[in-house]
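[1] Generate coordinates for the sequence data below:
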Amino acid sequence: MAWEDAEGPGADVAAVLEATERRAAVARLCALASQALGAEVIYLPAGSSPDPDSIDVVLHRPEGADIGVLRFTGQPDCDEHPAQLYKLVTKLLSEQLGWWERTQGAWRIRVERIRAVLAAGSIPLAFQPIVDLTEESVVGVEVLARFAGPPLRGPDRWFAEANTVGLGVDLEILSIREALTALPDLAPPLYLSVNVSPMVAASPLLTDVLAGAPLERLVLEITEHERVADYDALNRQLAPLRQEGLRLAVDDAGSGFASFRHVLKLSPDIVKLDTSLVHEIDSDSLLRALGYTLTAFASALGAQVVAEGVETQREMDALRFLGVRFAQGYLLGRPVDLGEIPAAGHRTAVSPTRPG
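    Have a look, this model is predicted:
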C-alpha cells in the first residue's frame, strides 16, 4: 500500500505503517543473510515463479503456512554453499520474521480496537462538576471519556494506544465532537471544559470542529504532561478562537513540563492544579508552598485557579486558605451523567470523608 492510497486525517496511517514496517523488517533480514553468505538474498511473495539461475527456499510460519520465498542469487559462487546452509539461513529468517509477525499481530489488534471505536462514532462520556468553593455551587463541568472496552482501563491508556498506532488525532477529534453534543443540555451559564493535546490544539482540525459552537461557554484544557513543540504556532492557532470567547486552561499544573514556563508561554485563563499536588496538601508543607506559589503566579497573570482531585474536607480547607476559589474532585462530585449535574446556583453538598 502506498502513502497516496491513504484517506482522511490518519484513517489509513496505521495500515501504511504496518506495510512499511514489514518491508523494512524483511529488508534488514535479507541484508544480514546476504552479508553472511556472500550472495544476494531477496524476499519474494509466496507462489513466485522459480528462477532456474537462483536457489529458492520457501519461508514457513510456525504453523506451516507459506509466508514467502527467499531467493539466493547474484553471486557466481552461490552454488558452492551446501543446501543445508541455505535451509539453515531460511529457518533462522523464518523464525525472526515469524516473531516480527507475532509482534505485528498484537499491533494489529490495537489498531482494530481503536478503529472499532472510531467506526462506532461515539464515546461514552461522564461529567465532573467544577465548584465555586466560596458559594459552594457548580460553575462548570469537565467532560471525561469513558471507554467501555474491552479491555477495561482508563481513558489515558486508550488515547496513548491510539497515538502509538497513528490514530490519536482521529480519536481525540471524535471525543471533542462528542463533548460538544452535550452543550445544548448544559444549562447556562455553566461552562464545558474539554481536554485537548497540544498537537490537536495547534491543528486547523480543531478550528473546524469548533465552528459554530458557543465558544464563550467552552474551556480547552491543555495538559502539562505533553511537551509543546512550538508555543508561538500554538498561540497563533488559538488566538482567533480566544478572541471569540474561548477560554484556555493549563491542565495538570505542577506535574509535568516546567510549570511556570508552560503557564507563562500560554497565558491561560485558568490554571488547574494537578491531583498529585492537591492530595494531602493539608499535611505537607512543601505541597502547600508549591500550591501557594502556583496560585500567586496564576493570580499575577490574571488567571483563575482550579484545584483537581479534592477528596477531603481538610484538603478543601487548605486550598481555601491558599486562596483557591474553584475545585473539583470526589469530595465535590464524582463523574456522572450530564442529567445529574446540579443547576447553576444550586448549593453543592460536601462530604467530609475520603471515598473508599
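[2] all helices for the stretch 251-356 of the chain, in order.
    259-266, 275-278, 285-300, 313-321 (DSSP state H, counting those that start in this stretch).
[3] how about the ones you listed in JSON lines, adding mean pLDDT, mean neighbour count and distance to L246?
    C-beta: built from backbone N, CA, C; applies to glycine. Below are the helices of the stretch 251-356 of the chain laid out as JSON lines (pLDDT from 0 to 100; neighbours: other C-beta atoms under 10 Å; distance: least, C-beta to C-beta, whole Å):
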{"stretch": "helix 259-266", "mean pLDDT": "85", "mean neighbour count": "17", "distance to L246": "13"}
{"stretch": "helix 275-278", "mean pLDDT": "93", "mean neighbour count": "20", "distance to L246": "25"}
{"stretch": "helix 285-300", "mean pLDDT": "91", "mean neighbour count": "16", "distance to L246": "18"}
{"stretch": "helix 313-321", "mean pLDDT": "95", "mean neighbour count": "18", "distance to L246": "26"}
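[4] For L238, which of the ones you listed is the nearest?
    helix 259-266 (8.5 Å; C-beta to C-beta).
[5] roughly how far out does that closest one sit from the chain middle?
    21 Å (C-alpha atoms, centre = their mean, to the nearest Å).
[6] CA-only coordinates of it in CSV, if you can.
    These are the backbone C-alpha positions of helix 259-266, laid out as CSV (Å, rounded to 0.1, in the frame of the first residue of the first chain):
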residue,chain,number,x,y,z
SER,A,259,5.0,24.6,35.1
PHE,A,260,5.9,28.2,35.2
ARG,A,261,7.2,28.3,31.7
HIS,A,262,4.2,26.5,30.4
VAL,A,263,1.8,28.9,32.1
LEU,A,264,3.9,32.0,31.1
LYS,A,265,4.0,31.0,27.4
LEU,A,266,0.3,30.1,27.1
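[7] could you check the angle helix 285-300 makes with that helix?
    Angle between the axes of helix 259-266 and helix 285-300 is 10 degrees (criterion: axes from the mean of the first three to the mean of the last three C-alpha atoms, to 10 degrees).
[8] got a list of contacts for helix 259-266?
    222, 224, 228, 231, 234-235, 248, 250, 253, 256, 271, 294, 297-298, 301, 303 (C-beta atoms under 8 Å, 6 or more residues apart in numbering).
[9] Which strand or helix spans E112?
    helix 83-120 (DSSP states H and E).
[10] got it, and V41?
    strand 40-44.
[11] Ok, A126 next?
    strand 125-132.
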